[in-house]
Every structure is written in C-alpha cells, then in structure tokens.
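**Q** prediction below, plus the sequence it came from.
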Amino acid sequence: QKECMRQFYRLLGSVEVLGNPAGLMRNLNHGMKAFSHGLTGLRHGDRQSFKDGAKTLVKHGAHGVSNTISKVSSSFSRGFASVSLDEDFLREREENKDHKGRPQDMRVGFNKGASSFSKSAFSGITGLFKKPLEGYQAG
C-alpha cells in the first residue's frame, strides 16, 4: 500500500496540467546541490566552483520555472480551445502548430513566442466582439 501511494504521488507529480511539479523539483534540486557544492568550494577558496554552482542554480531554476509555466499555459490553452466550439479556430490552431522542434537560439525563440502571443491575444480580443456579432447576424 505504501508503494502504491508512492507511485500515485509520482504520477500526480508528473501531470502536465499541474506543470510537472516533479520535474520542477528535480531541476531546483539539481541547481541547489550544485550551488551548495559551490559554497563548499568557496569556503576552501575555490571561487570558480562557486561561480559554476551559482550559474547551474540559475540555469536549472529558470528552466524548471519556465517549463512549468509553459506546461500549465499549454494545458489551459488546449482546454479553452476545446470548449470554444469554433471549428474555424480549431482548424487554424492545428494548421499553425509548428513541429520543427526547438528554435536555433534564445532570440529566435523569444521572437517566435512573442509573435504567437500577440496574434493569440489579438484573436481573443477581436473574437469577443466579432463572434457575438456574427451570431446575432446569423439569427
């Protein structure tokens, strides 16, 4: 029974709707261990060890947090899209999915994300006014 509960919590911790909290904790744990190792090195006069540990903490912490935010927002996006009942929107959403993998660098990824966000926000705001009007005109 104890093993069953452990497996249940492991499964719950990896649920994407929650942002994969187990993955977040793994990233933070790895960063904290490296930082702790760096502090130990600093006590012994090893400044490079401290720099490396701090860099690893920031890198893994940022990755864990951004990955969690990405998974949660993706889950909400899929949920809202499915309840929209707008076939045109759903078709366009499928067509716009990009399966090319990771961007070449951070700048390209940021630009792509900002562009996608602005298009989505514009579509959402205009849809608040456009769809009710279309429904009224359709009768």
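**A** Noted; the coordinates are in hand. Everything numeric in this text was worked out from a predicted model, so none of it was measured.

**Q** for the rest of this, base every contact and every neighbour count on C-alpha atoms.
**A** Fine.

**Q** poorly predicted segments of the chain, please.
**A** 9-17, 98-102 (pLDDT under 70).

**Q** tell me, what residue is most central in it?
**A** Among the residues of the chain, the one closest to the centroid is Ser70, at 1.3 Å (Cα atoms, centre = their mean).

**Q** who touches that residue in this structure?
**A** Going by Cα atoms under 8 Å, 6 or more residues apart in numbering, Ser70 touches Gly19.

**Q** assign it to helix, strand or coil.
**A** helix (DSSP: H, G, I helix; E, B strand; the rest coil).

**Q** got the buried residues for stretch 45-64?
**A** 49-51, 53-58, 60-64 (16 or more other Cα atoms under 10 Å).

**Q** can you name the residues in contact with stretch 79-88?
**A** Applying Cα under 8 Å, 6+ apart, the contact partners of stretch 79-88 are Leu90.

**Q** tell me how far that stretch lies from the chain's centre.
**A** Here stretch 79-88 is found 21 Å from its chain centre; the criterion is Cα atoms, centre = their mean, to the nearest Å.

**Q** same question for stretch 27-40.
**A** On Cα atoms, centre = their mean, the centre of stretch 27-40 falls 23 Å from that of its chain.

**Q** repeat for stretch 32-48
**A** Centre-to-centre, stretch 32-48 and its host chain are 30 Å apart (Cα atoms, centre = their mean).

**Q** for this structure, what spans make up the helices?
**A** Ranges of helices in the chain, per DSSP state H, are 2-13, 21-43, 47-83, 87-96, 106-138.

**Q** what's the angle from the fourth one to helix 47-83?
**A** The one in question is helix 87-96. Helix 87-96 runs at 150 degrees relative to helix 47-83, counting by axes from the mean of the first three to the mean of the last three Cα atoms, to 10 degrees.
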